[in-house]
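> With the input below, show me the fold.
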Amino acid sequence: MAGANRGELEKVLEHYRGDRKKYKAACFLIENMVGRYTLVSSRLDSLDAVFFDAVANLDVRFEDTEVNVYLVQLKVNAVWNKVISEYGIPTKFQYKRSEDLRSVKADYLIDNIDEAFETLDYPWTSNLPFDDFCEYVLPYRYGNEPLTEWRHYFRNRYRWVVDSLAGNPDPLEACRLINEDIATWFLPAGGGHIFKNHPRSLSAEQLRKCRLSSCVEQAAVALFAMRAMGIAVAHCTIPHWGNRSAGHDFNAVLTKDNEWISFSTAKFNPGENEIVNKPPKVFVKRFSRKLMSEEDLETVKLLDFPYAAYEDITSHLVKTSNIDVAVPDSLKDYASVAYLGVFDNKRWVPVTYSSIKNGKVRFKSMGREIVYLPLYCKDGSLRPLGSPIFLEENGKCHFAVADSANLIPRMVLTRKYGRSKYQLGYAAEMVGAKFQGADKPDFEDASTFFTIDSVPDSKMDTFAVNHVRCRYVRYLFPDIFARGNAGNVSEIAFVGDDGRPLSGKYIGIMEATMGNIRTVFDGNTKNYLRVYLSTDSTVVFPSNVIALASPQPVWIGLDLGEERDVRGVAYCPRNDSNNIYSHCTYELFFWKDGWHSLGKRSGQKDSLVYENVPSGGIFILRNHTEGKEERPFVYEDNSQVWW
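Prediction:
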């Protein structure tokens, strides 16, 4: 398999012939090179050289991450757009694989092994089991990145940690110190748009230059920095969330007691990391792969992640329970393996599997507060094995069984997807905002006729106010600078005698452009306005940002041209466009051995109504006009409850 490179690998083994541990480490790396490679493209190399050098020269301050992530993102995006206009979009390039077995040189492996072994004298590494050392300190790569001699840089940078801890053997403390230093040169967000279109993993040098990251790059930075210092750190992955689409990547550090403690690079230290969504499974990526039979390899092909290289650590990080499922008699002789799936927008995707024994199957250590569907494979496709299963917060399970004999007389639907923590956070930024009227354009005589005193709903809501007559009206942002947020707002309106929004000339603080103000008066709840502080004249802000050099009261409004009666206000926060819209066509489905339609409806302002719906089951609402996000829900106490 190594071809002409065989001599290089044999040279490594010969080099360590007299050192049992290093010889074993070399064997470990070489045995697990199969399937590892660098993605090669001279065109991408040229693009990367220009892009990462340009980004490295940007003026980036790390004192205020909450603000600077967005400001840096604007700068980096400008560089990215300029580079791809010259080189093209990297996902469309032609690539070759340079297989490690056929290309890695002896000197590179020897240097990697020697540098890793130097850390065995560190107090937190000296008692690390050799197998864990091989899996989580020794590896020379994490993805398909170009190989570099990264250990030298990071060992030199963090050599001070050994002295600072003065013999303290706790890897959590070493991890914490390095993680806090990473936060001084690396921003833990903002790069998802770019790296989604960059098909090759980033090298250690590129990560040091790139400033921004998606969660994968965050995880990679920790692997390089901490493994260089002998800390057993793993790349953790949640292939699929259980309560929303997509997944997540982060890190975990192995403690002296062989427990995994999660952290988020440059953001949350070990023990402080919060897994905000519901993971059905959490895995650490190992460098080695499980030995699996041909039959097992066929089984795991239906899992859309490399199961053989993953170790399940779900129970280390979240509360879990086992799920037991009885297999129908009709399938006992047909299916030997069952899968457990979660819903991901349009379909059920498997997250684990287990063998069927004596007509039953047990799925171990499953994350709670998730609805699962047992599955089996027939003719190469997955099919339902039984009813969906709710695994509650207390660890108890119950089935979702649609009951057509007991109907819900009237079901009122207001969304097709639950509101996330982030969406609720955006909405909360409007709390404290004031709607004011005045007869003078400088609002010296302003009177407040409405204050937002609770977190708004995700749709445009209208509220009556005591009769006000004035020429000038405005929306006065809350004290967003004291809160450290951007004051996100999607839409506002001042309602006249006829119940319709009043119109007028746009007015606002000097820094607010006409484009800024138009954003909140255009009747479109899918865009939004926000405010940022920046003294950087090189940043080009989009039209939905009011840029200020220093904190000040922020307001926008209307000159109505003459005194007008104001009878109400309306507003909508920044949102995910998963509300009900009158221009869209929807279809409600309930589950009974598959999704069954309850008919299509057009949105009626901000809700849909279905009558005589089967009770006891789960539902999804599909928008046929636009959007792709869908989530299962149940209907309880006249409300949608999301899973």
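> how near is residue 78 to residue 538?
Distance, residue 78 to residue 538, using Cβ to Cβ, to the nearest Å: 9 Å. Using the backbone N, CA and C atoms, a C-beta is placed for each residue, glycine as well.
> neighbour-wise, which of those two wins?
Taking other Cβ atoms under 10 Å, residue 78 and residue 538 do not tie; residue 78 has more neighbours (15 against 11).
> element containing that one?
Counting by DSSP states H and E, the element that carries residue 78 is helix 65-87.
> Which positions within that helix qualify as buried?
Using 16 or more other Cβ atoms under 10 Å as the test for burial, helix 65-87 gives 65, 67-77, 79-80, 83-84, 87.
> Same check on stretch 109-118?
Within stretch 109-118, the residues that qualify as buried are 109-110, 112-113, 115-117, counting by 16+ other Cβ under 10 Å.
> The stretch 401-550 of the chain: helices as residue ranges?
With DSSP state H, counting those that start in this stretch, the ranges of helices along the stretch 401-550 of the chain come out as 421-428, 480-483, 514-521.
> Quick check: which of the ones you listed is nearest to residue 450?
The minimum distance between residue 450 and the helices of the stretch 401-550 of the chain falls on helix 514-521, with 15.4 Å, by Cβ to Cβ.
> average pLDDT for the closest one?
Mean pLDDT, helix 514-521: 96.
> ok so, going back, now the helices of the stretch 401-550 of the chain in JSON lines, with mean neighbour count and distance to residue 628?
As requested, the helices of the stretch 401-550 of the chain are exported to JSON lines (neighbours: other Cβ atoms under 10 Å; distance: least, Cβ to Cβ, whole Å):
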{"stretch": "helix 421-428", "mean neighbour count": "16", "distance to residue 628": "16"}
{"stretch": "helix 480-483", "mean neighbour count": "15", "distance to residue 628": "32"}
{"stretch": "helix 514-521", "mean neighbour count": "19", "distance to residue 628": "24"}
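> Which among these is found nearest to residue 339?
Using Cβ to Cβ, these put helix 421-428 closest to residue 339, at 29.0 Å.
> I figured residue 265 was touching residue 224, is that so?
No. Residue 265 is not in contact with residue 224 according to Cβ atoms under 8 Å; the separation is 10.3 Å.
> For stretch 634-641, which outside residues touch it?
400, 408, 411-415, 418, 613, 615, 617-619, 633, 643 (Cβ atoms under 8 Å, 6 or more residues apart in numbering).
> scratch that, stretch 532-548
Contacts for stretch 532-548 (Cβ under 8 Å, 6+ apart): 59, 67, 70-71, 74-75, 78, 481, 486, 509, 511-513, 515-516, 519, 527-531, 549-551, 554.
> Quick check: bridge partners of residue 283?
residue 237, residue 312 (DSSP bridges).
> residue closest to the middle of this structure?
The C-alpha lying nearest the average C-alpha coordinate of the chain belongs to residue 248 (Cα atoms, centre = their mean; 5.2 Å).
> show me the contacts for residue 224.
If you count contacts by Cβ under 8 Å, 6+ apart, residue 224 has them with 142, 150, 154, 204, 207.
> How about it: what's its closest non-neighbour residue?
With Cβ to Cβ, 6 or more residues apart in numbering as the criterion, residue 224 has its nearest non-adjacent residue at 4.5 Å, and that residue is residue 204.
> Do I have it right that that neighbour meets residue 154?
Yes. With contact defined as Cβ under 8 Å, residue 204 and residue 154 form a contacting pair (7.5 Å).
> What is the burial count for residue 120?
By other Cβ under 10 Å, 15 other residues sit near residue 120.
> so who does it touch?
So residue 120 contacts 126, 128, 133, 230 (Cβ under 8 Å, 6+ apart).
> you'd agree the second one is up against residue 138?
No. If you go by Cβ under 8 Å, residue 128 and residue 138 don't touch, sitting 10.7 Å apart.
> Look up phi and psi at residue 392.
Main-chain dihedrals, residue 392, degrees, to the nearest 10: phi -80, psi 170.
> just use 62 as the starting number from now, easier for me
Right, with 62 as the first residue, what we last looked at is residue 453.
> Am I right that it is in contact with residue 429?
Yes. Look at residue 453 against residue 429 with Cβ under 8 Å: they come within range, at 6.8 Å.
> Just want to know which of these two has more residues nearby.
The neighbour count for residue 453 versus residue 429, taken as other Cβ under 10 Å, is higher for residue 429 (20 against 12).
> what's the spacing between that one and residue 401?
Distance of residue 429 to residue 401, given as Cβ to Cβ: 13 Å.
> Now do the shared contacts for these two.
Counting by Cβ under 8 Å, 6+ apart, residue 429 and residue 401 have no shared contacts at all.
> filter the contacts of stretch 695-702 to the buried ones?
Neighbour-count burial (16+ other Cβ under 10 Å) is assigned, among the contacts of stretch 695-702, to 461, 472, 474-476, 479, 674, 676, 678-680, 694, 704.
> Including distance to residue 640, could those go into CSV?
As requested, these are exported to CSV (distance: Cβ to Cβ, whole Å):
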residue, distance to residue 640
461, 25
472, 16
474, 10
475, 7
476, 6
479, 12
674, 20
676, 25
678, 23
679, 21
680, 17
694, 14
704, 19
